[in-house]
Every structure is written in structure tokens, then in C-alpha cells.
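1. got a predicted structure plus its sequence, pasted below:
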Amino acid sequence: MHRYLLALLLALPMAMAVAPAPAGELSPEDSAALRKEVQAMMDAFARGDTELIIARTHPSLKQLAGGDEAYARATRDTVKALRKAGVTIISDEAGVPGRTYAAGDEEVCFVPRQSLLRVREAPMRSTSFMVAVRRVGTTQWRYLDGAAMLDNPALPALEPGVTLPRDGMEAL
């Protein structure tokens with residue numbers, strides 16, 4: 001009997017450690033910090049600096065790209081290709097993060113983005129979002145571009161019924 005009770009007591013903390021993430025609201029401080037961090041990443045991208053993006057990308061996207069080195073190479077190549085194609089970022093603004101959603105042992109938050117671009121000489125407006133992901137109980141976020149989430153909705157596995165934010169591009 002004591003062995004079963006001991007096993008139950010040992011299993012309870014382990015079960016709690018893998019419990020699904022609760023959905024909820026960010027505190028005003030967490031929301032402001034998250035928005036600031038996303039803005040810093042977008043500013044770095046606009047300057048052509050890929051290192052912050054590479055460092056803060058969620059591991060699931062790096063694995064999908066073939067590992068850390070392959071992802072880093074692809075990110076650097078993408079920035080070079082965009083510049084060569086005549087894409088210039090005029091402005092890029094992070095919006096207010098929304099609520100969090102459960103994703104297994106992680107939680108996800110969508111951060112809206114509004115960007116003004118110049119593609120060659122044509123002005124464009126992009127409405128998109130960043131996906132912030134963190135392990136439950138931690139404070140460090142990792143990121144996916146919303147396009148990665150739209151192309152691979154299983155990254156990370158969201159709770160059923162979550163609607164992804166709007167994404168689109170329009171000529172001005």
C-alpha cells in the first residue's frame with residue numbers, strides 16, 4: 001500500500017509538469033515587453049541584421065528547415081534576396097499582443113504587424129503577425145513568422161478552434 005501511495009505522490013508532480021498550457025491574458029507588463037521584443041526583431045530585419053532573428057526563432061522552424069545551420073543560412077540568403085529584388089522596408093510596427101493559447105506544454109501569443117514596403121518602386125502594405133511561443137512557466141519567448149504558421153499550422157500544435165490572425169498584402 002505504501003509503495004502505491006509513494007508512486008502516486010511521485011507521479012503527480014510529473015503529470016503536472018506536462019499538463020497543457022492554460023489560455024489566458026498577458027499582464028500589461030508582459031504585453032509591453034513582448035511587443036518591444038518583436039519590434040526589436042523587426043527593426044533588425046529592416047536593417048538586414050539576421051542574427052537576432054536567428055537566435056530568437058522557435059526550434060520547430062529550425063528543425064523544419066533542416067537544423068540550426070540550415071535555418072541560419074536560409075535566413076541570411078532570404079534577406080539578401082529581398083534586397084536584391086528591390087524590397088525596402090519603409091516602416092514595420094508591432095501591434096498589441098493578443099491573448100495566449102495552449103499548445104501542449106507551450107503557450108502561444110499572436111502579435112500583429114503592420115508593414116509598409118517598397119517593392120522596386122511600388123508601395124505595398126503588409127498585414128501579418130508574429131507567433132510568440134514559450135514553455136509554460138517560463139518568460140523567454142521564441143518566434144515564428146505568421147507565414148510559417150499559415151504554411152504549417154501544426155507548428156506548434158495549437159488547441160482546437162484557434163483562428164489565426166488575418167494575413168495579406170495590398171498595393172497602395
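-> Done, it's in. Numbers count the residues shown, from 1 in each chain.
2. quick check: R166 touching Q114?
-> No. Look at R166 against Q114 with C-beta atoms under 8 Å: they stay out of range, at 11.0 Å. Heads up, the C-betas are built off the backbone N, CA and C, glycines and all.
3. helices or strands next to the top helix by length along the chain in the packing?
-> For the chain, the helix with the greatest residue count under DSSP state H is helix 28-47. Here helix 28-47 touches helix 51-56, strand 87-94, strand 106-119, strand 122-135, going by 3 or more C-beta pairs under 8 Å, 6 or more residues apart in numbering; DSSP states H and E.
4. mind putting those into JSON lines with distance to A74 and mean neighbour count?
-> Listed next are the helices and strands packed on helix 28-47 as JSON lines, based on distance: least, C-beta to C-beta, whole Å; neighbours: other C-beta atoms under 10 Å:
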{"stretch": "helix 51-56", "distance to A74": "10", "mean neighbour count": "16"}
{"stretch": "strand 87-94", "distance to A74": "17", "mean neighbour count": "15"}
{"stretch": "strand 106-119", "distance to A74": "20", "mean neighbour count": "20"}
{"stretch": "strand 122-135", "distance to A74": "18", "mean neighbour count": "19"}
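5. export those as a markdown table, with columns for mean pLDDT.
-> Shown next, in a markdown table, are these (pLDDT from 0 to 100):
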| stretch | mean pLDDT |
| --- | --- |
| helix 51-56 | 96 |
| strand 87-94 | 95 |
| strand 106-119 | 95 |
| strand 122-135 | 95 |
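6. so which of these gets nearest A147?
-> strand 122-135 (6.8 Å; C-beta to C-beta).
7. contacting residues for the closest residue to H58 other than its chain neighbours?
-> Distances taken as C-beta to C-beta, 6 or more residues apart in numbering put R142 closest to H58, at 3.9 Å, once the chain neighbours are dropped. By C-beta atoms under 8 Å, 6 or more residues apart in numbering, the contact list for R142 reads 56-59, 132-134.
8. show the pLDDT at L64.
-> On pLDDT, L64 comes in at 88.
9. and it, its phi and psi?
-> Main-chain dihedrals, L64, degrees, to the nearest 10: phi -60, psi -30.
10. so what's the residue count around it?
-> L64: 16 surrounding residues under other C-beta atoms under 10 Å.
11. before we move on, what about D145?
-> 19.
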